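Visitor: Predicted coordinates and the sequence they were generated for:
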Amino acid sequence: MNKNNIGKVLPILTAGLLTLGSASCTRDFQEINTNQLQPTDEILNRDNIRNSVYLPDLQFNVVFTALEGTNAVNDYQILNNLTADSWVGYMAPTNDKWDGKNLGQFYFDVGWNNMGFNCIIPRILNPWMQTRDITMSGETKNEEIFSIAQICKIMGMQKATDMFGAIPYSEAGNGSFTVPYDSQEAVYKSFLKELTEAVDVLYRASGRKLVVKDYVYNGDAAKWARLGNSLMLRVAMRTRFVDPELAKKYVEQACAHPAGVISSVDDQAQIDQNSGVQTLNSLHVIAESYDDTRMGASIYCYLTGYRDPRLDKYFKPSSYGDYVAVPPALPNTGDAYKVASKPLTKQFGPTVWMRASEVAFLRAEGALAGFAVGGSAKELYEEGVKLSFAEQGVEGADSYLRSTAQPAVFSDHIRSEYSAGA
């Protein structure tokens, strides 16, 4: 071949190779440019992974709990252990260690109060909004998962409105930087309407297990419907003194609904290891790692005076061998009360949302108000006591109910001058 012919052939060969290379690159383009470590839309939509991806975060913030770390524990301590627990005398701090803002001495620090607002509302609403946007639009719409999210949201937000009154609610999540506040009356009425809708959706799904990442009931729609009705009962009973007709309507609706309310220990709402996740029990960390809480004087008087067999399920004996409680409004006493009785907890024990015994007591209160709740006040009160004994795994409820014992007079084993009548 002469030089002239070689010059003509080379461009042809080069063009052919480029064409082959181009065709090869185009054919494999999508595969080459797909991240093999990132889930595709098809994978995310499978088994409702996308629909329930934010649900665990929402559930962990109903009652603050976490897989690890202390952030949730600290929030639980300020919002529960140092406030409600101390105010009613169920538990008490061992010492005046928070100078100038000791909630155990009934002093509410503004910063801690504000932190409570910022903890509950954003941490509940943010994962709820994400779940709403995913489950209530597009091809992945799923009313059952959204209904579970609704119940979780109301479980958390009821605490917020009971603490702070008016809160941002109906307009939250609409994309505005300024969200108007709703009155507590409006919030409560919205709760009842939303719960009605959620329960009906979940009741229609009863009989099948929902495919959802759910750490409370593992996708059991029937149990979620019962929790929804039980929460409706709680919400409605808290309106009975301001709006008796509203309370009556929704109390009777919850109790008459075919889904029912929580009535057995197995149905109580909680996050525990049975759901496939191991979360830290916040109270355990406070009692054991922080060493910050002990038995309060009020619960000591009730449990010891009534000779309640649940005592050793709730608290540990003190180093003296019996039960020792801390009086309210404790001044600075150093380590004197370190020997007092600690709450009996487990590191990975359940984080309880709602017990069957509470539901029975709510129904008993409804019966006292003249509402149709499926039993008399006496029957339902006694049922609540028996359920509480069953929840703690102890016997003796019948003897307890027959007892005429009275609460004990508080006796301080550490500082006798703090005893009642001293």
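Guide: That came through, no problem.

Visitor: residues near residue 180, how many?
Guide: For residue 180, the count of nearby residues is 11 (other CB atoms under 10 Å). The way it works is simple: take the backbone N, C-alpha and C, and place the C-beta from them, glycine included.

Visitor: isn't it right next to residue 168, touching?
Guide: Yes - the criterion here is CB atoms under 8 Å, and residue 180 meets it with residue 168 at 6.9 Å.

Visitor: can you give me the mean pLDDT across the host helix or strand of residue 189?
Guide: Assigned by DSSP states H and E, residue 189 belongs to helix 184-204. Mean pLDDT, computed over helix 184-204, is 98.

Visitor: which is the next helix or strand following that helix?
Guide: Following helix 184-204 in sequence order, the next helix or strand is helix 221-237 (DSSP H and E).

Visitor: what helices or strands is that next one leaning on?
Guide: With contacts taken as 3 or more CB pairs under 8 Å, 6 or more residues apart in numbering; DSSP states H and E, helix 221-237 sits against helix 143-164, helix 184-204, helix 244-256, strand 351-354, helix 356-368.

Visitor: one more time with 6 Å, if that's ok
Guide: Packing partners of helix 221-237 (3 or more CB pairs under 6 Å, 6 or more residues apart in numbering; DSSP states H and E): helix 184-204, helix 244-256, helix 356-368.

Visitor: what's near enough to touch the residue lying closest to residue 263 once chain neighbours are set aside?
Guide: Spatial nearest neighbour of residue 263, chain neighbours left out: residue 356 (6.0 Å); criterion: CB to CB, 6 or more residues apart in numbering. Residues in contact with residue 356 (CB atoms under 6 Å, 6 or more residues apart in numbering) are 262, 264, 265, 268, 387.

Visitor: same thing but 7 Å
Guide: Residues near residue 356 by CB atoms under 7 Å, 6 or more residues apart in numbering: 262, 263, 264, 265, 267, 268, 387, 391.

Visitor: and it, how far is that from residue 51?
Guide: With distances taken as CB to CB, to the nearest Å, residue 356 is found 29 Å from residue 51.

Visitor: residues near the closest residue to residue 269 other than its chain neighbours, how many?
Guide: Distance criterion CB to CB, 6+ apart; nearest residue to residue 269, sequence neighbours excluded, is residue 353 at 3.9 Å. Per other CB under 10 Å, the neighbour tally for residue 353 reads 21.

Visitor: From residue 242, how far off is residue 353?
Guide: Residue 353 is 25 Å from residue 242, by CB to CB.

Visitor: Likewise for residue 308?
Guide: Counting by CB to CB - residue 308 and residue 242 are separated by 34 Å.

Visitor: who has more neighbours, the two?
Guide: residue 308 (21 against 11).

Visitor: Could you tell me whether that one really is in a strand?
Guide: No - Residue 308: not assigned to a strand; according to DSSP: H, G, I helix; E, B strand; the rest coil it is coil.

Visitor: Now for it: which residues touch it?
Guide: Contacts of residue 308 by CB under 7 Å, 6+ apart are residue 400.

Visitor: any idea how far it is from residue 277?
Guide: 32 Å.

Visitor: How many residues are close by residue 334?
Guide: Residue 334 has 9 neighbours, counted by other CB under 10 Å.

Visitor: circling back: out of the helices and strands packed on helix 221-237, deepest packed?
Guide: Stretch with highest mean neighbour count among the helices and strands packed on helix 221-237: helix 356-368 (a mean of 23; mean count of other CB atoms under 10 Å).

Visitor: got the CA positions of that helix in CSV?
Guide: Taking Å, rounded to 0.1, in the frame of the first residue of the first chain, the C-alpha atoms of helix 356-368 are listed here in CSV:
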residue,chain,number,x,y,z
ALA,A,356,-53.9,0.1,80.6
SER,A,357,-54.4,1.1,84.2
GLU,A,358,-54.5,4.8,83.3
VAL,A,359,-57.2,4.1,80.7
ALA,A,360,-59.3,2.3,83.3
PHE,A,361,-59.0,5.2,85.8
LEU,A,362,-59.9,7.7,83.0
ARG,A,363,-63.1,5.6,82.3
ALA,A,364,-63.8,5.5,86.1
GLU,A,365,-63.6,9.3,86.2
GLY,A,366,-65.9,9.5,83.1
ALA,A,367,-68.4,7.3,84.9
LEU,A,368,-68.3,9.7,87.9
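
Visitor: would TSV of the helices and strands packed on helix 221-237 with distance to residue 126 be doable?
Guide: Below are the helices and strands packed on helix 221-237 laid out as TSV (distance: least, CB to CB, whole Å):
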stretch	distance to residue 126
helix 184-204	18
helix 244-256	28
helix 356-368	28
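
Visitor: nearest to residue 150, of these?
Guide: Nearest to residue 150 among those is helix 184-204; the distance by CB to CB comes to 4.4 Å.

Visitor: could you give the angle of that closest one to helix 244-256?
Guide: Angle, helix 184-204 to helix 244-256, by axes from the mean of the first three to the mean of the last three CA atoms, to 10 degrees: 20 degrees.
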